[in-house]
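Colleague: Curious how this folds, go ahead:
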Amino acid sequence: MLLNKYYILINFCFRLKKNLKVSIQKVYINNYSVYLYISPKHLVNVMTFLKKDYKTKFTILNDIICLDYPGRLPRFKLIYTLSSVFFNIRLNICVTVDELEGVDSLNHVFSSACWLEREVWDMFGIFFYKHPDLRRILTDYGFLGFPLRKDFPLSGFLELYYDDSQKRLIYEPVSLAQEYRNFDFELTWAQR
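Modeller: Here you go, the predicted structure:
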């Protein structure tokens, strides 16, 4: 049974490579999941083909996952997870982008992309071109930075609290109550 499913996935990958030969950089299968690596400029064409083609029928965009690799160029990897209910196959489309580079929006191909792209924009700062409503979704509109980037400070830039006397929210720069300590990381009972 599992061997049969693996054989179906291999045939499926060969068919995709044949139809999208210019767009696909790399295809591989890992634990019965298919991964396609494509360049960002071919993203909309590949996704439109995968949705409309009668041999693929990937009609559902489940998620957009973003991975941050600060020491690598390009820094971010976007993984679009698609499902074909008709063929019972999941497909992961992988695109790598840099900090200042953007990706075309898939809002006109998949309606679920609107909220998913807004979430990636809000958390990582990846810009989506031609998005109809690209604004913050999980953080405050005045929030500075992008919280899930690995270079974002853990304490943040601003502190927010409610003041009962003024009956409003107060934004202040973060101030730490004590100085950072120098730890020598030795056990306290170690002989010196």
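Colleague: Please report how far Leu158 lies from Asp104.
Modeller: Note on Leu158: its distance to Asp104, by CB to CB, to the nearest Å, is 32 Å. Where C-beta positions appear, they are placed from N, C-alpha and C, glycine not excepted.
Colleague: Those two: which has the busier surroundings?
Modeller: A count of neighbours by other CB atoms under 10 Å puts Asp104 above the other of Leu158 and Asp104, at 18 against 15.
Colleague: continuing past the helix or strand of the chain with the lowest mean pLDDT, what's the next helix or strand?
Modeller: Least confident helix or strand of the chain, by mean pLDDT, DSSP states H and E, is helix 2-19 with a mean of 74. Remark: after helix 2-19, the chain's next helix or strand is strand 24-30, criterion DSSP states H and E.
Colleague: now that next one: how far from the chain's centre is it?
Modeller: 18 Å (CA atoms, centre = their mean, to the nearest Å).
Colleague: Counting by contacts, list what that strand packs against.
Modeller: On a contact count with 3 or more CB pairs under 8 Å, 6 or more residues apart in numbering; DSSP states H and E, strand 24-30 meets helix 2-19, strand 33-38.
Colleague: tell me, what residue is most central in this protein?
Modeller: Cys66 (2.0 Å; CA atoms, centre = their mean).
Colleague: all helices for this protein, in order.
Modeller: Applying DSSP state H to the chain gives helices spanning 2-19, 43-52, 113-124.
Colleague: Mean confidence (pLDDT) on the second one, please.
Modeller: Computed over helix 43-52, the mean pLDDT rounds to 92.
Colleague: Now that helix: buried residues?
Modeller: By neighbour count with 16 or more other CB atoms under 10 Å, helix 43-52 contains the buried residues Leu43, Val44, Val46, Met47, Phe49, Leu50, Lys51.
Colleague: wait, doesn't the fifth one sit right on Asn19?
Modeller: If I follow you right, that is Phe49. Yes. Between Phe49 and Asn19 there is a contact under CB atoms under 8 Å: 7.0 Å.
Colleague: where does Glu179 land on pLDDT?
Modeller: So Glu179 comes in at 59 (pLDDT).
Colleague: same thing with Trp189?
Modeller: Reported pLDDT for Trp189: 58.
Colleague: buried residues in stretch 162-169?
Modeller: So stretch 162-169, judged by 16+ other CB under 10 Å, has zero buried residues.
Colleague: nope, stretch 66-80 is what I meant
Modeller: Result for stretch 66-80 [16+ other CB under 10 Å]: buried residues Cys66, Asp68, Arg75, Phe76, Lys77, Leu78, Tyr80.
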